[in-house]
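>>> Sequence first, predicted coordinates after that:
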Amino acid sequence: MNRNRSSRQQILERVGAATQAAAPAAAQLAEAYAELPREYRRRGAMGAEAHVALMIERLREYDAEVVECAPGEVAEAIAAQLAASGKRKFVAPAGLPARWMAPGFEWMVDNDLPASAIEEAEGVVTAAFGGVAESGTIVLHHGPAEGRRVLTLLPDWHLCVLGASQVVETLPEYFARCEEAPQVVTWISGPSATADIEMTRIKGVHGPRFLHVIVVRDEGREGNSN
Amino acid sequence: MSETANLAGERPVLDPALAPPFPQAALPVLRNPQLRKNVTHAIDVIQGKRARLVAEKDDWQALRAAGAAMKDHVLENLGAYLEEFEAKCTAAGGQVHWAADAGEARAIILDILRAEQAREVIKIKTMTSAEIQLNPFLEAAGVGVFETDLAEIILQLGEGEPSHIVVPALHVNRSQVREIFARKMGLPELSDDPKALTAAARSYLRRKFLTIPTAIGGANFLIAETGGVAVVESEGNGRMCLTLPRTLITLAGIEKVLPRFADLEVMLQVLARSATGERMNPYTSLWTGVKAGDGPERFHVVLLDNGRSRILARHTERQTLRCIRCAACMNACPVYRQTGGHAYGSVYPGPIGAILTPQLEEMRHAQSLPYASSLCGACYEVCPVKINIPEVLLELRAQVVDQERKQAGRIFDPMYIGLRIANVIFARAWLFHLAQRLGRMGLGLFTRKDGWIHALPSVGAEWTQTRDLRGLPKQTFHEWWAARQKEAR
């Protein structure tokens, strides 16, 4: 520990000597930060409908299976996807709406399930925090309906329910929507993949090999983004 | 053990202190057509994808400018941001360690593993751990190390060395991978279909992910504002290592810090596009300290200096520390394309390696690397954080020359004698004209009918061994001009 503390001092001294003589005051630092150039595109130019369509297109390019449904039809849409999967045993985050757990399947609710139990599940159903259309990215902040990180990792099949109003066009718009920085985040852009052998893209290495997305149309709003 | 199977047949040396100079280290690849084919194929694929995706971003240059400015801002205020990161990470339940050099980082990591009584670790691919040569150290200390990235498994099981920082096994083809996996995983029936090979790796690792309680990884970004750490990956092996173990150790260079969470909006847009030619890589994970019930119970960050603060102190070279390890520079480099990564004698190959390695070695080793470039500037053009690599290469070349000048015995080096003589001649017109005449007479003896010199004796042979030299023209421009003026009159 002692050795470590002196290394800390040593590194900070070297860094200090290499940069400014005196450490900047917090206000000065914030001011310099605020002046950083940000000329890149921060707001999307498409309407909401167009960027939801783009999101769906991108997801399909990743070989994700995408269906759309009306707000009142989520449970039915989930049941249909589960039935078509041919799988029986599913795991659900502790906060997943009960009506999403379609009857006729075996459900394990994640109240601190051990990894070995989650490993037994053939699939998982979750909600999402948001989506970024430009890159087809699904964002999980791992809230109660999105599940702990391990939940969307071990099962081979992931069904994610994404509201159209949760989708933004650009990555900066997603960051603008985060009121405070989340403690854990997973950004998912298509199923697990590798190109390590001769650059041949292979789907499904360790994470889920199959990604299904239900996009819930937003009936309340038309046309306009945000 | 069959010949083709073992990648270690001619195991390249990636320790800059021991590696032969670049021109010598490049020879095994230049003489191996299969290896060159593997490298070119992989690079062509990534380059094509990158070019397409960069072209669709009409704000690409603005993103580069923002990324470069953000990194410069961090570097200028590095101490403040590191302390902020440390405070926030600690408050969130992480434990921050500081390592001045590679040896200290290795000792800190081993101490943590001893305290955990860890006899095995799973690893996420991290260049920084390769930089401090962590794996051989841990293995010598009796800790079993399991790499989990597909390319890293290929290299670990095949006893090979990485030749690229994003796709480290790009020099290995599918039949070589098949042979390694069949032998090391005991799967004699395995086919060489990449799909089957990937599936073999998946089941080989599954048990390890579920049973080994300690993981070591790196960081793509550290967030000062929150104490968060971000890791960018494709396969999900990273998520496994970040989520399943009880204890997680992150090793990160001190230059990895970003001011705020939202700054990822720039970096995540440029990184995957530059690295793999994807709009976004399949998985990016961010975590902050320890989250009860979700992921590791104990989390350590080791902040590594290992020469970085020295680079920070230098005006031209500081930009080296902007690097986000995307490898776009090596994919674009005409030299890397021919030699592959092993020639650079370092875990950091390509143009970025040519400037980073000698600096990390305090210019005591790897002095041939600043010359491993034609200065064409392709690396600068593709760099997402606008590192002017040619500029740094020139600065480092100047330092190498200064070093050489101080060496006794250099005075008798034919090149130095030649340059000194040239210096005298070029400064005086009459001597220059005389030299031209003598040169024409002398070289005339070796110039063939086709106007080219194919072979020169003695020191001249060093040039003609690998290229032809145009014979001197019968007339210089001055002579031609004088003759023309005379005729006109």
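The structure has been received and is ready for your questions. Residues are numbered from 1 along each chain as shown, chains lettered A, B, ... in the order given.

>>> okay, CA-based contacts and neighbour counts for the rest of this
Noted.

>>> so B:Thr316 makes contact with B:Leu396?
No. Proximity of B:Thr316 to B:Leu396 does not meet the contact threshold set by Cα atoms under 8 Å, at 9.6 Å.

>>> More neighbours: these two, which one.
Comparing B:Thr316 with B:Leu396 by neighbour count (other Cα atoms under 10 Å in any protein chain shown), the higher total belongs to B:Leu396, at 23 against 17.

>>> List the contacts of the more buried one.
Contact analysis of B:Leu396 by Cα atoms under 8 Å, 6 or more residues apart in numbering or on different chains lists B:Ile355, B:Pro370.

>>> Can you list the buried residues in the one helix or strand it maps to?
For B:Leu396, the enclosing helix or strand under DSSP states H and E is helix B:389-406. Neighbour counts using 16 or more other Cα atoms under 10 Å in any protein chain shown place B:Ile389, B:Pro390, B:Glu391, B:Val392, B:Leu393, B:Leu394, B:Leu396, B:Arg397, B:Val400 of helix B:389-406 among the buried residues.

>>> Going by distance to A:Val185, which of these wins?
Within the buried residues of helix B:389-406, distances to A:Val185 taken as Cα to Cα reach their minimum at B:Ile389, with 33.8 Å.

>>> what's the closest non-adjacent residue to that closest one?
Residue nearest to B:Ile389 in three dimensions, not counting chain neighbours: B:Tyr380, with 5.8 Å by Cα to Cα, 6 or more residues apart in numbering or on different chains.

>>> Grab the longest helix from chain B for me.
With secondary structure taken from DSSP state H, chain B has its longest helix at helix B:33-55.

>>> now the strands: where do they sit in the stretch 251-400 of chain B?
Counting by DSSP state E, counting those that start in this stretch, the segments of the stretch 251-400 of chain B that form strands are B:257-258, B:283-288, B:298-304.

>>> CA atoms only: put the longest one into PDB for me.
What it means is strand B:298-304. Taking Å, rounded to 0.1, in the frame of the first residue of the first chain, the C-alpha atoms of strand B:298-304 are listed here in PDB:
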ATOM      1  CA  ARG B 298     -14.800  -6.400  -5.900                       C
ATOM      2  CA  PHE B 299     -13.400  -4.100  -8.500                       C
ATOM      3  CA  HIS B 300      -9.800  -2.900  -8.900                       C
ATOM      4  CA  VAL B 301      -8.400  -0.400 -11.400                       C
ATOM      5  CA  VAL B 302      -4.700  -0.200 -12.000                       C
ATOM      6  CA  LEU B 303      -3.700   3.100 -13.600                       C
ATOM      7  CA  LEU B 304      -0.500   2.600 -15.500                       C
END
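
>>> Return the distance of it from the chain's centre.
Averaging C-alpha coordinates over strand B:298-304 and over its chain gives two centres that are 23 Å apart (Cα atoms, centre = their mean, to the nearest Å).

>>> ditto for the second one
In terms of Cα atoms, centre = their mean, the gap separating the centre of strand B:283-288 from the centre of its chain is 24 Å.

>>> distance between the ends of stretch A:132-140?
Taking Cα to Cα, to the nearest Å as the measure, stretch A:132-140 stretches 11 Å from start to finish.

>>> Can you name the residues in contact with it?
Residues from elsewhere that reach stretch A:132-140 (Cα under 8 Å, 6+ apart): A:51-52, A:54-59, A:128-131, A:146, A:167-171, A:174, A:185-190, B:279-280.

>>> Any buried residues in it, and which?
Buried positions in stretch A:132-140, judged by neighbour count with 16+ other Cα under 10 Å: A:Val132, A:Ala133, A:Glu134, A:Ser135, A:Gly136, A:Thr137, A:Ile138, A:Val139, A:Leu140.

>>> For the residue most central in space within chain A, give me the pLDDT.
Closest residue to the average C-alpha location of chain A: A:Val139 at 1.9 Å, with Cα atoms, centre = their mean. On pLDDT, A:Val139 comes in at 98.

>>> Could you do the one 5 residues further on as well?
The predicted local confidence for A:Pro144 comes out at a pLDDT of 98.

>>> I'd like to know how far it sits from B:Asp305.
Counting by Cα to Cα, the gap from A:Pro144 to B:Asp305 is 39 Å.

>>> Same question for A:Pro93.
To B:Asp305, A:Pro93 is 41 Å away according to Cα to Cα.

>>> now swap in B:Leu78 and tell me
Look at B:Leu78 and B:Asp305: by Cα to Cα, they are 12 Å apart.

>>> ok, A:Ala164 to B:Pro351 distance?
Distance, A:Ala164 to B:Pro351, using Cα to Cα: 44 Å.

>>> Please identify which of those two sits among more neighbours.
Comparing A:Ala164 with B:Pro351 by other Cα under 10 Å, the one with more neighbours is B:Pro351, at 31 against 25.
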